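Enquirer: I'd like to go over a predicted model; first the sequence, then the structure.
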Amino acid sequence: MSESVRSVAVAGASGRLGSLICEVVAEHPEFSLAARLTSRSAPEEGAAADILVDVTTPDASPAIVERALRRGQRVLVGTSGWSADRLATLERLVSDVPGAGVILVPNFSLGSVLGTTLAEIAAPYFSSIEVIEAHHAGKIDSPSGTAVRTAELMAAAREAAGAAPVTAPFAEQRARGELVGGIAVHSLRLSGVVAQQEVRFGGAGEVLTVRHDTLSGESYVAGIRAALEAVRGATGLTVGLDRILGIGGRA
Ligand SMILES: NC(=O)C1=CN([C@@H]2O[C@H](COP(=O)(O)OP(=O)(O)OC[C@H]3O[C@@H](n4cnc5c(N)ncnc54)[C@H](OP(=O)(O)O)[C@@H]3O)[C@@H](O)[C@H]2O)C=CC1
Ligand SMILES: O=C(O)C1=N[C@H](C(=O)O)C[C@H](O)C1
């Protein structure tokens, strides 16, 4: 085996996304699949791999990521649930561990990442914004990680532009969604759906909709490859496929 081939352990390998990542790793000439980890794996399994990929659950992910970083592995995270608060904790951990490198990708699909970037651009210009996301019935978390990231980026874009927050709190009205960064997010879980997101912007006499549909796991493959290639030399914390691909001038 060539010296430049990096070994990869995948946590969540028995899952929908994890099994796809195992296929991508196995087919990539510069990576080898060292371990397929599940909820039954012992903590030390996969410790010898150069890279740990975490695609498990929002509850399990933080401890898996911390353990891998502390033992010197590069880490690629695709698991949802990494809100701004959790990212702040991860950032502190990364700065505590010399040479640590972690890339967190809320969505590996190019179209989804472009949709989020377009929503971020539009956010300061409309007085009302709501997010509607739909996923397959097997998804255990809500709102989706992509919706949380999109809402947080839109809220930050509004703040940076000096635009007022979009929505007054409506804690008593549960049908109005969950507020993320002051923006209402509505989650649907439906058999037959893979993943969809719509961001609806309301302004004076007009509505703009930014919509993305994931039709199959094929949409994640190019992003997974790009993230694996980037994580080999990663240092610090990088969030988003947009940073890896330089979308919107961000790298
Ligand atoms: N970034 C992206 O583009 C995408 C992200 N996702 C996210 O990836 C995550 C996984 O999604 P999906 O593959 O659909 O989920 P699945 O339920 O299909 O798979 C979950 C995997 O995690 C493992 N697991 C569960 N609990 C633990 C634990 N405590 N320790 C270690 N492993 C554990 C399961 O193992 P076992 O079989 O033993 O239960 C299984 O392998 C979710 O957070 C989802 O939102 C999904 C698709 C795209
Ligand atoms: O669970 C899923 O399927 C997905 N999860 C991610 C999320 O929570 O945003 C990414 C994608 O939407 C698919």
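Expert: Everything's here; your move. Ligands and ions are numbered 1, 2, ... in the order given.

Enquirer: what comes into contact with the least confident helix or strand in the chain by mean pLDDT?
Expert: Comparing helices and strands within the chain by mean pLDDT, DSSP states H and E singles out strand 178-180 as the least confident, with a mean of 93. Outside of strand 178-180, the residues that reach it under the criterion Cβ atoms under 8 Å, 6 or more residues apart in numbering are 131, 142-143, 147-148, 151-152, 155, 167, 169-170, 184-185, 187. From N, CA and C alone the C-beta is placed, and that goes for glycine too.

Enquirer: show me where the stretch 101-250 of the chain has strands.
Expert: In the stretch 101-250 of the chain, the segments counted as strands under DSSP state E, counting those that start in this stretch are 101-104, 128-135, 178-180, 183-189, 195-203, 206-214, 236-239.

Enquirer: Which neighbours in the sheet does the first one have, and how are they oriented?
Expert: In the sheet containing strand 101-104, its partner strands are strand 74-77 (parallel), strand 236-239 (parallel), by DSSP bridges.

Enquirer: pLDDT of it, averaged?
Expert: pLDDT averaged over strand 101-104 equals 98, rounded to a whole number.

Enquirer: Run through the stretch 101-250 of the chain and note the low-pLDDT ranges.
Expert: Counting by pLDDT under 70, the low-confidence segments of the stretch 101-250 of the chain come to 169.

Enquirer: Name the residue of it that lies nearest to ligand 1.
Expert: Closest to ligand 1 within the stretch 101-250 of the chain is F108: 3.7 Å, counting by Cβ to the nearest ligand atom.

Enquirer: quick revisit: could you export the strands of the stretch 101-250 of the chain as TSV, including distance to G162 and mean neighbour count?
Expert: Shown next, in TSV, are the strands of the stretch 101-250 of the chain (distance: least, Cβ to Cβ, whole Å; neighbours: other Cβ atoms under 10 Å):
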stretch	distance to G162	mean neighbour count
strand 101-104	29	24
strand 128-135	16	21
strand 178-180	21	18
strand 183-189	17	18
strand 195-203	17	19
strand 206-214	20	15
strand 236-239	24	18
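
Enquirer: Would you mind saying which of those lies nearest G249?
Expert: Closest approach to G249 among those (Cβ to Cβ): strand 236-239, 15.2 Å.

Enquirer: The closest one and ligand 2, are they touching?
Expert: No. Applying Cβ under 6 Å from any ligand atom, one finds strand 236-239 separated from ligand 2 by no less than 13.1 Å.

Enquirer: Export only the CA atoms of that strand, formatted as CSV.
Expert: The C-alpha trace of strand 236-239 is given here as CSV (Å, rounded to 0.1, in the frame of the first residue of the first chain):
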residue,chain,number,x,y,z
GLY,A,236,-8.4,23.8,13.4
LEU,A,237,-12.2,23.7,13.0
THR,A,238,-13.8,24.1,9.5
VAL,A,239,-17.6,24.1,9.2
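
Enquirer: What lies in contact with it?
Expert: Residues outside strand 236-239 that contact it (Cβ under 8 Å, 6+ apart) are 82, 87, 90-91, 94-95, 100-106, 149, 230, 244.
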